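**Q** Predicted structure and sequence below. I'll ask about it afterward.
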Amino acid sequence: MSLTLRPSDPAGSTFHSHGLPTPAGRWSYILDDYSIAYGSGLWPFQPIKAGQASKSACFRASSVRVSPDVEHRSWNNEYVSLLPRYGLDAAFIEARMHLFVRMEGAFAVVVPTTLLLNLRTDTAELAYDCPRQLTRHAIAKASRLLDFIARHQQARDQGVRIPESVSTRWAHTANDARPSNTAPPSSPSPTRVRH
């Protein structure tokens, strides 16, 4: 199969093997990472030290991977990597992602981009090179990411130690019970994004 970009595809488009379209309808992001606990500061995530799952996390911020919470699967191009800048009390988070354009066989045409989330102002800034035709898509993802972080800050502030993740949610789906030490899911709220 020959893969060809169309003239209508946005600048920066590339192919992602076994790609997926962004889920339709209402959904949120869920932590899709392991060995993460809540810690202090604006950025709520810290890695768990070996042997300390029930105690405090170590004293450094942790990057995390998130995915849509609609089902347990490999999300390929729909994963987002969140990377804190400047240490434990990071106010700025890089959100590295792919914006979906269309399917081409088993491949997704996507545009890789990075958003900058500001946790002090609860806003996001789109990359200067984000294609205009994907701005709404980027804004929707930014809003969901800010909601994801706010939800986890709130859970941490309420005394939850270990964040809900893909592994905890779907491990407990069979008996329909969520462990009491994990954060509850929520719905996205309106966006706060600059371009």
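**A** Arrived safely, thanks for sending.
**Q** What is the end-to-end distance of stretch 27-35?
**A** 24 Å (C-alpha to C-alpha, to the nearest Å).
**Q** So P163: helix, strand or coil?
**A** coil (DSSP: H, G, I helix; E, B strand; the rest coil).
**Q** ok, how many other residues are close to it?
**A** 23 (other C-beta atoms under 10 Å). Every C-beta, even on glycine, is put in place using the N, C-alpha and C of the backbone.
**Q** okay, it: pLDDT?
**A** Confidence at P163, expressed as pLDDT, is 95.
**Q** What's the separation between it and V64?
**A** Taking C-beta to C-beta, to the nearest Å as the measure, P163 falls 9 Å from V64.
**Q** again, but for H152
**A** For H152, the distance to V64 - C-beta to C-beta - is 9 Å.
**Q** repeat for V160
**A** Distance from V160 to V64, by C-beta to C-beta: 16 Å.
**Q** Looking at the two now, which is surrounded by more residues?
**A** More neighbours surround V64 than the other of V160 and V64, with 27 against 20 (other C-beta under 10 Å).
**Q** confidence score at P10?
**A** Here, the pLDDT recorded for P10 equals 97.
**Q** Checking my notes, it in a helix, right?
**A** No: read with three-state DSSP, P10 is coil and lies in no helix.
**Q** what's the burial count for it?
**A** 17.
**Q** Identify the residues contacting the closest residue to it other than its chain neighbours.
**A** Distance criterion C-beta to C-beta, 6 or more residues apart in numbering; nearest residue to P10, sequence neighbours excluded, is P131 at 3.4 Å. With contacts defined as C-beta atoms under 8 Å, 6 or more residues apart in numbering, P131 is in contact with 10-12, 99, 111.
**Q** Mind checking which of these are buried?
**A** 10, 12, 99, 111 (16 or more other C-beta atoms under 10 Å).
**Q** is it true that the third one touches T113?
**A** Just to be clear, that refers to L99. Yes: the pair L99 and T113 qualifies as a contact (C-beta atoms under 8 Å) at a distance of 5.8 Å.
**Q** all helices of this protein, in order?
**A** 135-157, 166-171 (DSSP state H).
**Q** For these, state which one has the densest average packing.
**A** helix 135-157 (a mean of 19; mean count of other C-beta atoms under 10 Å).
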